[in-house]
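**Student:** can't give you the sequence, but here's the structure:
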C-alpha cells in the first residue's frame, strides 16, 4: 500500500525551498499532497501541472491562530500517514497541527538556518524557543547540509533526531545547451559578446547582490549582471544599479521556474546556460543550491559560502573558487575568470553527488524509520478551537 504524505510549506513562490519541493515530489515513491499556508505562487501552478493536489490555507500572517484548527481539520480529512513540513512558519504550525490530528509521523526539513538568521528573519530568543518547542513534536528533522545539522545541535536539537539529506538537483536538466544559451540571450536582449555574470536567489539583503552590482561598475562595459529571482530588495537593487550608472547592464528576470511551466521567458536551466559565470556573495548559506546548479551547467563559480561544496575535495569542485571580500574582490575574481578564457561546459563530480534521485531515496528511508518508530496517536477528539 502506497504511503500517503502531506507536505506543508509556508508559501509556493519560486524560491529555492519551494522549487526543491516540486522537484522532490517528482521522485518520491509516495502519494503526496501539498498545503501552502500563504501565497500559493508560481510553484503551486507547477505542482498542479505535475498532477499534485495543492491546498491553500489562506493564512493571514504569522499570528493567525485561526489557521491551526483549519489545518488540523484538513489533515484529519486527508487520512495521511505522514506529514512533512518545510520552512519556519510551516514547521511550527504544521507540527502542532499534525500531532493534534493524530498523524503517525512528522518530519521537517530545515532549509535555511544560518548562524544569525533563518529565511531572512533575525534569530531572536523567541524564534528559537518556538522552533524548539515545535521540534519536539516531530519524529525527525532533516538538515540540508552538515553545517545546518551543526547549527541545530547548537540550538539543542538532539543528534539522533537529525538526519542530513542534501538538496538535490536534476543534473540532466542543467546540462549546458548552446541552443538554449542562444535563445535565452536573444530573449533577454544580451549582446552576443557580453560576458554575463549571474546571481540566483531571493532578492533579499542577506544574499548581498548589491556586492555584484558594485563589482560590475569596476569591470569593462561588456560585462553584464543577470539577477534571477524576486524578493523585497528588488526595488533597492534597481535603484543601486541606476545610481551606480550600470542600470543598462543589470538585468532582472524575476522568479523563474525550475522546469518549463508555460510562462513567458526562459526557465532557470536556460538562464544558467546563458551565463558565463555564477557569483554567490551571500556569506551565510545553509547549502548553496545555486552554486551546485551552476556547476551542473559547467559554469565557473565564485562564492562566499556554500556548505554543499566546502567539504568536498578540490578535484570534485573544479571551477569553484571561494572569494572573501566585497565588490573589489569580486571584480578582481571575475576579471581573473574572464582572462583565463572559456572552459568546457561540463559538470564536475560535485554536481553528480547531489542528484535528486539520491536525496529522494534517502528521504524515503527517513519516512520508513519515522513510521516504524511512530509515537502513539493523539486522541482524535482533542480540542482544536
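**Tutor:** Arrived safely, thanks for sending. If you're wondering where the values come from, they're calculated on a predicted model, not measured in any experiment.
**Student:** quick one, phi/psi of residue 223?
**Tutor:** phi -90, psi 130 (degrees, to the nearest 10).
**Student:** any idea how far it lies from residue 300?
**Tutor:** 14 Å (Cβ to Cβ, to the nearest Å). No exception for glycine: its C-beta is placed from N, CA and C like everyone else's.
**Student:** point out where this structure drops to low pLDDT.
**Tutor:** 114-121, 259-264, 374-385 (pLDDT under 70).
**Student:** and it, what are its domains?
**Tutor:** Following automatic domain parsing, one gets these domains for the chain: 4-168+356-372, 171-353.
**Student:** export those domains to TSV and tack on mean neighbour count?
**Tutor:** Shown next, in TSV, are the domains of the chain (neighbours: other Cβ atoms under 10 Å):
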stretch	mean neighbour count
domain 4-168+356-372	19
domain 171-353	19
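**Student:** can you give me the helices in the stretch 1-150 of the chain?
**Tutor:** 16-25, 41-49, 67-78, 88-100, 125-135, 146-155 (DSSP state H, counting those that start in this stretch).
**Student:** and those as JSON lines, adding distance to residue 203?
**Tutor:** JSON lines is the format used below for the helices of the stretch 1-150 of the chain (distance: least, Cβ to Cβ, whole Å):
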{"stretch": "helix 16-25", "distance to residue 203": "13"}
{"stretch": "helix 41-49", "distance to residue 203": "15"}
{"stretch": "helix 67-78", "distance to residue 203": "27"}
{"stretch": "helix 88-100", "distance to residue 203": "19"}
{"stretch": "helix 125-135", "distance to residue 203": "22"}
{"stretch": "helix 146-155", "distance to residue 203": "22"}
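**Student:** which one of the ones you listed lies nearest to residue 337?
**Tutor:** helix 16-25 (24.1 Å; Cβ to Cβ).
**Student:** distance between stretch 39-48 and the chain's centre?
**Tutor:** Offset of stretch 39-48 from its chain centre (Cα atoms, centre = their mean, to the nearest Å): 15 Å.
**Student:** oh, I was asking about stretch 172-189
**Tutor:** 22 Å.
**Student:** before we move on, what about stretch 201-215?
**Tutor:** The answer for stretch 201-215 is 16 Å, by Cα atoms, centre = their mean.
**Student:** got the end-to-end distance for that stretch?
**Tutor:** 18 Å (Cα to Cα, to the nearest Å).
**Student:** pretty sure residue 198 is in a strand, no?
**Tutor:** Yes - assessed with DSSP: H, G, I helix; E, B strand; the rest coil, residue 198 lies in a strand.
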